[in-house]
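> Give the three-dimensional model of this entry:
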Amino acid sequence: MKKIVLPAIILLTTALLTAGCKNPPSHSKASDILSNTVSSEISESTDTESTDTESTDAQSTSVPMPESSAESSQVTSGNVSSESESSAGGDESSEPSGNESHEPSEHESQEPSLHESSTEESSQVSEVSQKPVIYDPREDITTVYGIENKYFVNKLNDQEKKSFAILYHTAAEFEPYAKFTLPVEENDFDRLMWLLNYDCPELIHLKGDYAPQYDNSGKVSGVRFYFNMTAEEYPACRKELDDLFSALREQTAGMSEYETEKYVYDIMFNDTVYTETTERSGSAYGSLIEHRARCEGISKGFAWCMNELGIKCMTLSGYPLWENSGMYSTHSWNIIRLGNDFYHVDLTADNLRDSEDQTVMPLYSFLNQCDEIMSKTHMPLEMYRDMGVPACTKDDMNFHVMNGLVITSDDDQKTRLWELLDRFYSQEDEVSIPIRFGSAASYEDFLDNWESYYSEYLENNDYIYRYAFLYSNDVGNTVNLYIEE
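All right, here's what the predicted structure looks like:
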């Protein structure tokens, strides 16, 4: 998520165009629940025999862009469609003034005034203007979807959670602008936006592009969102995902946590084509339904599947130590909880296809990896390190460890390969043997000598020679020896 500075006049123009953007029909209107401004004006009648007190009206307001010329914005790269820029609401100038009564909406009639006073109390404070009280239900973090699974969001302090909840509920309702109750420091805002993107895979319509708005003190007062689908498209797309989760629940019923995890891992590996160029490549929808995604969409899709299947899983980002250049200098992967322990999972760093016609085999390079090995190739962002990344200290659930598919630096490689061939070799069926090596040196030695080890094995067993191919991953020091039928 990179920012580009735009002149403030552009922001103001955009604000006026988008202040009345229509909400999705499948949700309550954001303007109905965003805030209830309670105002009260008490006046004495000139009639000496009676005193009339005006009733207090609860007034719900939407949040347009700040119209102060002192406020400026920054925006990431990304195009906004003309459809999202058009106004679908009423004219803001038609809103009633503070001393003008109006017919309350259905929502307002059910919400009691926060500062409701009796006639006797009102007469005692006659001619005293009461300060408006703002009630914003969007600050309620408990109503965020799947909040119990959002590991890093739950590490925020109380005020940060309120600000995050405002961002979440506004984005969920397809409202283009979110406005904070209290302005936020820019560093804190960046963290909130990062978590909104990575900790909330269900926001499949939210793009990574955004435009923060600043107040006169330099703090962030709000943000402009961008979307990759319309509110009308969202329900059908979400149903596709819900149907997928229902199918996965049926298919994994009775499986252990590890078996469920690997089942989903294999499905995503076989279905996903790695790409950075599609509109939703950074979305869970891109990985799970369109099957075309980059690391961001893949990690969010995997985490969402796991959480829907009752297994705690989070997405985090960091630096790929094997490379740090190009359009995306950061990388995303997962941490999953199996039993009482945490493990790293990086499906993207496996042997994913780059095109649909490509044939690949999984290497399981980072399926349940520990910190000791993961730290050689992955470094979490400082933001995550400051918040506290769960320690992954064990490797007992690592794919290669569980299946006895590790060749250490002390092993005789030919002997160990022959042992694995004795276990898996078939004279008729295809053979796939994923192997992890204890060091980069032993990995390189195997790449140089595996063909001679394999040919000698066939000769010693009087087997007809069959073509074999070695898929390899330098990052994970892993291979998959594939023998055709």
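
> low-confidence ranges in the stretch 301-450 of the chain?
Low-confidence segments of the stretch 301-450 of the chain (pLDDT under 70): 324-328.

> mind listing what the closest residue in space to Val360 that isn't next to it in sequence touches?
In this structure, Val360 finds its nearest non-sequential neighbour in Asn351, 4.8 Å apart by CB to CB, 6 or more residues apart in numbering. Using the backbone N, CA and C atoms, a C-beta is placed for each residue, glycine as well. Listed by CB atoms under 8 Å, 6 or more residues apart in numbering, the contact partners of Asn351 are 360-363, 365, 471, 473, 480.

> Local confidence estimate at the nearest residue to Tyr467 once chain neighbours are set aside?
Distances taken as CB to CB, 6+ apart place Glu484 nearest to Tyr467, at 5.1 Å, with adjacent residues excluded. For Glu484, the pLDDT comes out at 90.

> still on that earlier bit, can you tell me which of the contacts of Asn351 lies nearest to Ile433?
Asn480 (6.8 Å; CB to CB).

> What strands flank the host helix or strand of that closest one, and is each parallel or antiparallel?
Using DSSP states H and E, Asn480 falls within strand 478-483. In the sheet, strand 478-483 lines up against strand 431-437 (antiparallel), strand 468-473 (antiparallel) (DSSP bridges).

> I would like the residues contacting it, please.
With CB under 8 Å, 6+ apart as the contact definition, strand 478-483 has outside contacts at 351, 361-365, 400, 417, 425, 430-437, 443, 446-447, 450, 454, 466-473.

> Restrict those residues to the buried ones and give me that as a PyMOL selection.
To isolate the buried subset of the contacts of strand 478-483 in PyMOL, counting by 16 or more other CB atoms under 10 Å, use the following:
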select buried, resi 351+361+362+363+364+365+400+417+425+431+433+434+435+436+437+443+446+450+454+466+468+470+471+472+473
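
> Might you list the low-confidence residue ranges for the stretch 1-150 of the chain?
1-135.

> what helix or strand is Leu192 on?
If you go by DSSP H and E, Leu192 is part of helix 186-198.

> tell me which strands and helices that helix is in contact with?
With contacts defined as 3 or more CB pairs under 8 Å, 6 or more residues apart in numbering; DSSP states H and E, helix 186-198 has these neighbours: helix 158-172, strand 206-214, strand 220-227, helix 295-308, strand 313-320.

> now these in CSV, with distance to Ser409?
Output for the helices and strands packed on helix 186-198, formatted as CSV (distance: least, CB to CB, whole Å):
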stretch, distance to Ser409
helix 158-172, 46
strand 206-214, 42
strand 220-227, 50
helix 295-308, 30
strand 313-320, 24
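
> Check those for me and report the most buried one.
For the helices and strands packed on helix 186-198, the largest average neighbour count (mean count of other CB atoms under 10 Å) is found in helix 295-308, namely a mean of 27.

> Now that helix - C-alpha only, PDB.
The C-alpha trace of helix 295-308 is given here as PDB (Å, rounded to 0.1, in the frame of the first residue of the first chain):
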ATOM      1  CA  CYS A 295       0.800 -13.900  -1.900                       C
ATOM      2  CA  GLU A 296      -1.600 -11.400  -0.300                       C
ATOM      3  CA  GLY A 297      -4.800 -13.100  -1.700                       C
ATOM      4  CA  ILE A 298      -3.400 -16.600  -1.100                       C
ATOM      5  CA  SER A 299      -2.600 -16.100   2.500                       C
ATOM      6  CA  LYS A 300      -5.900 -14.300   3.200                       C
ATOM      7  CA  GLY A 301      -7.800 -17.100   1.500                       C
ATOM      8  CA  PHE A 302      -6.000 -19.800   3.400                       C
ATOM      9  CA  ALA A 303      -6.600 -18.100   6.800                       C
ATOM     10  CA  TRP A 304     -10.300 -17.600   6.100                       C
ATOM     11  CA  CYS A 305     -10.700 -21.200   5.200                       C
ATOM     12  CA  MET A 306      -9.000 -22.300   8.300                       C
ATOM     13  CA  ASN A 307     -11.000 -20.000  10.600                       C
ATOM     14  CA  GLU A 308     -14.300 -21.100   9.000                       C
END
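
> Need the CA coordinates for whatever helix or strand Glu250 lives in. PDB is fine.
Here Glu250, judged by DSSP H and E, is contained in helix 234-251. Presented in PDB, the C-alpha positions along helix 234-251 are these (Å, rounded to 0.1, in the frame of the first residue of the first chain):
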ATOM      1  CA  TYR A 234     -21.000  -8.500  -3.500                       C
ATOM      2  CA  PRO A 235     -23.900 -10.800  -2.300                       C
ATOM      3  CA  ALA A 236     -23.400 -13.200  -5.200                       C
ATOM      4  CA  CYS A 237     -19.600 -13.300  -4.700                       C
ATOM      5  CA  ARG A 238     -20.000 -13.800  -0.900                       C
ATOM      6  CA  LYS A 239     -22.500 -16.700  -1.500                       C
ATOM      7  CA  GLU A 240     -19.900 -18.400  -3.700                       C
ATOM      8  CA  LEU A 241     -17.500 -18.300  -0.800                       C
ATOM      9  CA  ASP A 242     -20.100 -19.400   1.800                       C
ATOM     10  CA  ASP A 243     -21.000 -22.400  -0.400                       C
ATOM     11  CA  LEU A 244     -17.300 -23.300  -0.600                       C
ATOM     12  CA  PHE A 245     -16.900 -23.200   3.200                       C
ATOM     13  CA  SER A 246     -20.000 -25.400   3.500                       C
ATOM     14  CA  ALA A 247     -18.600 -27.900   1.100                       C
ATOM     15  CA  LEU A 248     -15.200 -27.900   2.900                       C
ATOM     16  CA  ARG A 249     -17.000 -28.500   6.300                       C
ATOM     17  CA  GLU A 250     -18.700 -31.600   4.800                       C
ATOM     18  CA  GLN A 251     -15.500 -32.900   3.200                       C
END
